[in-house]
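Engineer: here is a sequence with its predicted model. Questions after.
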Amino acid sequence: MRHIFFISSLFAVFFFLPTESNAQTESGVAEINFEVSGVCKMCKKRIENAALTKGVKFAQWDKNTQMIKVIFKPSKITPLDIHNAIANAGYDTSLVEAPDEAYKELPSCCRYKDGIEVH
């Protein structure tokens, strides 16, 4: 009976562990995934270009899920730096809200805070 309890407990621990959103590999690069608000292909281009700062190797934003995947070198840039770069381009991230001035610079079709639907 104790054997079954132990196996069940072990299964529960591994099954319910949170997934890591900032995993670093042996090659010195890390991957993060986080939410970025946007609505269209123009947003996608701006968001990805903003994320592609020094130390970022790859950035891909999905307008349907509102998630961006970023592969970067933690020795050159921090996740917060990436969030700030995207926010400064006018897009809210899960950690940093875009400054009003940057948001107002977006084309009218990209103003996600104004009730524009994903298109």
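Structural biologist: Arrived safely, thanks for sending.
Engineer: hey, let's count contacts and neighbours off CA atoms from now on
Structural biologist: Noted.
Engineer: excluding its backbone neighbours, what's nearest Val56?
Structural biologist: Distances taken as Cα to Cα, 6 or more residues apart in numbering put Phe72 closest to Val56, at 4.1 Å, once the chain neighbours are dropped.
Engineer: give me the neighbour count for that neighbour.
Structural biologist: Using other Cα atoms under 10 Å, Phe72 has 26 neighbouring residues.
Engineer: that one and Asp81: what is the separation?
Structural biologist: 11 Å (Cα to Cα, to the nearest Å).
Engineer: what's the answer for Lys54, then?
Structural biologist: Counting by Cα to Cα - Lys54 and Asp81 are separated by 10 Å.
Engineer: next: Val56.
Structural biologist: Using Cα to Cα, Val56 is found at 10 Å from Asp81.
Engineer: more crowded one of the two?
Structural biologist: Each of Val56 and Asp81 has its neighbours counted (other Cα under 10 Å); Val56 has more, 21 against 12.
Engineer: the residue nearest to the spatial centre of the chain: what secondary structure?
Structural biologist: By Cα atoms, centre = their mean, the chain has its centre lying nearest to Phe34, at 2.3 Å. What DSSP: H, G, I helix; E, B strand; the rest coil gives for Phe34 is strand.
Engineer: which residues does it contact?
Structural biologist: By Cα atoms under 8 Å, 6 or more residues apart in numbering, Phe34 lies in contact with Met67, Ile68, Lys69, Thr93, Ser94.
Engineer: if we use 10 Å, what do you get?
Structural biologist: Shown in contact with Phe34 (Cα atoms under 10 Å, 6 or more residues apart in numbering): 21-22, 61, 66-70, 79, 83, 93-95.
Engineer: dump those residues to CSV, plus neighbour count.
Structural biologist: Conversion of those to CSV gives the following (neighbours: other Cα atoms under 10 Å):
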residue, neighbour count
Ser21, 12
Asn22, 14
Trp61, 25
Gln66, 16
Met67, 18
Ile68, 21
Lys69, 18
Val70, 22
Pro79, 20
His83, 23
Thr93, 22
Ser94, 13
Leu95, 14
